[in-house]
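K.L.:
with the input below, show me the fold.
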Amino acid sequence: MTWIKTIPYDQGDEELKRTYEAVRALYPEEYGGPPVPSLLRSDGTADSIVAAHSLIPEAMRHMMSGLAVLLRPGLGLTRRQQEMIASVVSVRNGCFY
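P.N.:
Numbering: from 1, shown residues only. Here you go, the predicted structure:
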C-alpha cells in the first residue's frame, strides 16, 4: 500500500484523467487486464504504482511513459522475465509492488 496520498482515475480532474489514459495507451495490452484478486483490498481498491504519481500528473506522464517503453514487446525480454526482474527488485527493496 502506498504511504502517500493518491488520486484514483475516477476522482481525478480532466488533466489527471487524460494523463492516466495517455500512460495506459502506451503499455502492452496484457498490462491493462483486470486487477489481480490477491492485490485487491476489502473495499475493492488496489494499490497502483501509476497512482503513486497522481499528485503530479506531468511527473506521472514522464515516469510511466519511460517505463512503458521498456516493457514493449520485442525488446529481448518476455513478459515473464520482466515480471521476475520486477519481483526480485521489489523484494530487495522491501516494496509490495
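K.L.:
return the helix or strand in this protein with minimum mean pLDDT.
P.N.:
Lowest by mean pLDDT, DSSP states H and E among the helices and strands of the chain is helix 79-93, with a mean of 87.
K.L.:
so how far is that one from its chain's centroid?
P.N.:
Centroid separation for helix 79-93 versus its chain: 14 Å, with CA atoms, centre = their mean, to the nearest Å.
K.L.:
let me know the helix or strand that Tyr20 is in.
P.N.:
Using DSSP states H and E, Tyr20 maps to helix 14-26.
K.L.:
and that helix, C-alpha only, in CSV?
P.N.:
Output in CSV follows, covering the C-alpha atoms of helix 14-26 (Å, rounded to 0.1, in the frame of the first residue of the first chain):
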residue,chain,number,x,y,z
GLU,A,14,-9.7,16.2,-16.5
GLU,A,15,-5.9,16.7,-16.8
LEU,A,16,-5.2,13.8,-14.5
LYS,A,17,-7.7,11.6,-16.3
ARG,A,18,-6.1,12.4,-19.7
THR,A,19,-2.7,11.6,-18.2
TYR,A,20,-3.9,8.2,-16.9
GLU,A,21,-5.4,7.4,-20.3
ALA,A,22,-2.2,8.5,-22.2
VAL,A,23,0.0,6.4,-20.0
ARG,A,24,-2.3,3.3,-20.2
ALA,A,25,-2.3,3.6,-24.0
LEU,A,26,1.5,3.1,-24.1
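K.L.:
could you pull up the mean pLDDT of that helix?
P.N.:
Averaged over helix 14-26, pLDDT sits at 92.
K.L.:
ok, stretch 61-76 next?
P.N.:
Stretch 61-76 comes out at a mean pLDDT of 85.
K.L.:
hey, C-alpha coordinates of it in PDB?
P.N.:
The C-alpha trace of stretch 61-76 is given here as PDB (Å, rounded to 0.1, in the frame of the first residue of the first chain):
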ATOM      1  CA  ARG A  61       3.400  11.100 -17.700                       C
ATOM      2  CA  HIS A  62       7.200  11.100 -17.900                       C
ATOM      3  CA  MET A  63       8.000   8.400 -15.400                       C
ATOM      4  CA  MET A  64       5.300   5.900 -16.600                       C
ATOM      5  CA  SER A  65       5.900   6.600 -20.300                       C
ATOM      6  CA  GLY A  66       9.600   5.800 -19.800                       C
ATOM      7  CA  LEU A  67       8.700   2.500 -18.100                       C
ATOM      8  CA  ALA A  68       6.200   1.700 -20.800                       C
ATOM      9  CA  VAL A  69       8.900   1.900 -23.500                       C
ATOM     10  CA  LEU A  70      11.000  -0.600 -21.500                       C
ATOM     11  CA  LEU A  71       8.100  -3.000 -21.400                       C
ATOM     12  CA  ARG A  72       7.400  -3.100 -25.200                       C
ATOM     13  CA  PRO A  73       7.300  -6.500 -26.800                       C
ATOM     14  CA  GLY A  74      10.300  -7.300 -29.000                       C
ATOM     15  CA  LEU A  75      13.000  -5.800 -26.700                       C
ATOM     16  CA  GLY A  76      14.500  -9.100 -25.800                       C
END
